[in-house]
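Chemist: take this sequence and fold it.
(one chain, ligands or ions: 1)
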Amino acid sequence: MTKTNKIGIIVDEDFASKNAPPYPHPIFLSYETPLRIGSILNFLEEKNVFLNERVIKIKPVSVEESVLKLAHTKYHIDSVKNFSNRGFGLLGEEIFITEDTYELAKKAVGGTIQAINSVLNNDVDQSFALIRPPGHHALREKASGLCIFNNIANSIIHLKDNRQYNKKIAIIDIDAHFGDGLVQYFYDDPSVLYFSVHEFDFEEGDIGFIDELGEGEGLGKSINFPIPMNTSDEDFLEFLDILEPVLNEFTPDIMIIAAGFDLYFADPIGNGLLTSISYYNFTEKLLKIAEKICEGKLVFILEGGYSLIGLPHCVYAVIKALMGEEHEPQIFEKVQFSTEAKNEEISKIKNSLRNLLADYWNSLK
Ligand SMILES: [Zn+2]
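Modeler: So this is what the prediction gives:
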């Protein structure tokens, strides 16, 4: 059956030119760069994605400060604004500020809101916000981990407050890192499911353990699926064995994907060994689930992903899967990784999670 779904892509040249890190050499802080979006847009244009009549370009509009205040303290907002006005600054060890940061970060929140609204309003069937800076580490009171404002949290709270939206939302976070900012906003909220698949991070000692399940009414609605370093295409989608039954039981009205691509094998920050095939297969599966339970309402919001070569292919793979078209991996992705089995570790995680979650989900009993 030929698909006829329409896909909205939130695009703005500002994301490909502004907020350039003031570090010329490749260090951690310089990975979050306008080149990320530039490389994606160049690639999508070369592939004629925007000439396809099923693809709708949507230009993001910045939000007012009042919207930021829904998810952030005045002090945090002012800090970013003040440093931007000065033209530079280091706000914490993982946050650089330039003269564009404040405006661009506001536009990233605006683009996220539009990606969600365009799907809820039935303007398009699915959407993808190609925005930066990313958001899932940002906390209410401070920026963190290359993230300024929490794009997804801000958008959901805005939706609930301004549109009196009271339906259920599932957030699926596939960034290499745990969304430690994002999870906190909805930890006790039974109407928002947060499911994160992320790598164990022994070095940074990140949270995101399997027994962080939420609190109060929200118990069981925070689900963490940590995966070992060097997880490859072969094992990555094992988390669907937990996610799929949970989604079927939860029946969200919409699914928002915190789409980080830093588990890609060539990513300079993440420790995964995925290729674009994983992102294609994930999207294809999730779209099928979404078509069954929420009229296919899927929204992708760009988070991490720092390989300038790999990132465009991963984003393109997601769009191809949404379009229902075949995906051909690039020649440089046809690499043979060590066959050392990760499956055993992942099976252990799956079994432990199933035991922990059986109290909250009948489908996992
Ligand atoms: Zn990340």
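Chemist: hey, let's count contacts and neighbours off CA atoms from now on
Modeler: OK.
Chemist: what's the offset of the lengthiest helix in the chain from the middle of its chain?
Modeler: As assigned by DSSP state H, the longest helix anywhere in the chain is helix 101-120. In terms of C-alpha atoms, centre = their mean, to the nearest Å, the gap separating the centre of helix 101-120 from the centre of its chain is 13 Å.
Chemist: ok, now stretch 61-73?
Modeler: Mean-position distance between stretch 61-73 and its chain equals 20 Å (C-alpha atoms, centre = their mean).
Chemist: run through who's touching it.
Modeler: For stretch 61-73, the external contacting residues (C-alpha atoms under 8 Å, 6 or more residues apart in numbering) are 77, 103, 106-111, 139-142, 149-150, 153-154, 157-158.
Chemist: and that stretch, which residues are buried?
Modeler: Of all the residues in stretch 61-73, those buried under the rule 16 or more other C-alpha atoms under 10 Å are 61-63, 67-72.
Chemist: one more: stretch 133-146?
Modeler: Those buried within stretch 133-146 under the rule 16+ other C-alpha under 10 Å are 133-140, 142-146.
Chemist: contacting the ion as well, which ones from those residues?
Modeler: Among the buried residues of stretch 133-146, not one lies near the ion by C-alpha under 5 Å from the ion.
Chemist: where in the stretch 151-300 of the chain is pLDDT low?
Modeler: 201-206 (pLDDT under 70).
Chemist: what helix or strand does residue 184 sit in?
Modeler: helix 180-185 (DSSP states H and E).
Chemist: next structured bit after that helix?
Modeler: strand 192-199.
Chemist: what's the separation between residue 110 and the ion?
Modeler: Counting by C-alpha to the ion, to the nearest Å, the gap from residue 110 to the ion is 21 Å.
Chemist: was I right about that residue contacting residue 58?
Modeler: No: with contact defined as C-alpha atoms under 8 Å, residue 110 does not reach residue 58; the gap is 11.3 Å.
Chemist: who has more neighbours, the two?
Modeler: residue 110 (25 against 19; other C-alpha atoms under 10 Å).
Chemist: so who does the more buried one touch?
Modeler: Residue 110 neighbours (C-alpha under 8 Å, 6+ apart): 60-63, 155.
Chemist: tell me the contacts of the residue in the stretch 201-350 of the chain positioned nearest to the ion?
Modeler: In the stretch 201-350 of the chain, the residue that lies nearest the ion is residue 304 (4.5 Å; C-alpha to the ion). The contact partners of residue 304, by C-alpha under 8 Å, 6+ apart, come to 134, 175-176, 259-262.
Chemist: wait, doesn't residue 98 sit right on residue 81?
Modeler: No: contact criterion C-alpha under 8 Å: residue 98 and residue 81 do not qualify, at 10.0 Å.
Chemist: for the stretch 201-350 of the chain, what lies in contact range of the ion?
Modeler: Within reach of the ion by C-alpha under 5 Å from the ion, the stretch 201-350 of the chain has these residues: residue 304.
Chemist: show me what from the stretch 51-200 of the chain comes close to the ion.
Modeler: Contacts of the stretch 51-200 of the chain with the ion, taken as C-alpha under 5 Å from the ion, map to 175-177.
Chemist: now the two most distant members of the buried residues of stretch 61-73.
Modeler: 61 and 72 (19.2 Å; C-alpha to C-alpha).
Chemist: still on that earlier bit, which of the contacts of residue 110 fall within helices?
Modeler: Judged by DSSP H, helices contain the following of the contacts of residue 110: residue 155.
Chemist: and the least confident of the contacts of residue 110?
Modeler: Minimum pLDDT across the contacts of residue 110 is recorded for residue 61, with 94.
Chemist: before we move on, back to that, buried only: go through the contacts of residue 304 for me.
Modeler: 134, 175-176, 259-262.
Chemist: name the nearest of these relative to residue 235.
Modeler: When these are compared for distance to residue 235 (C-alpha to C-alpha), residue 176 wins out at 14.6 Å.
Chemist: residue 166: which element?
Modeler: Counting by DSSP H and E, residue 166 is found in no helix or strand.
Chemist: ditto for the one 4 residues further on
Modeler: Here residue 170 is covered by strand 169-173, with elements defined by DSSP H and E.
Chemist: need the contacts of residue 110 in JSON lines (columns: distance to residue 10).
Modeler: Formatted as JSON lines, those follow (distance: C-alpha to C-alpha, whole Å):
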{"residue": "60", "distance to residue 10": "6"}
{"residue": "61", "distance to residue 10": "10"}
{"residue": "62", "distance to residue 10": "12"}
{"residue": "63", "distance to residue 10": "15"}
{"residue": "155", "distance to residue 10": "14"}
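Chemist: contact partners of the helix holding residue 184?
Modeler: By C-alpha under 8 Å, 6+ apart, helix 180-185 touches 135-140, 150, 152-153, 194, 207-208, 222.
Chemist: for the helix or strand residue 160 falls within, packing partners?
Modeler: Element membership of residue 160, judged by DSSP H and E, is helix 151-162. If you count contacts as 3 or more C-alpha pairs under 8 Å, 6 or more residues apart in numbering; DSSP states H and E, helix 151-162 packs onto helix 65-68, helix 101-120, helix 180-185.
Chemist: no further queries at this time; thank you.
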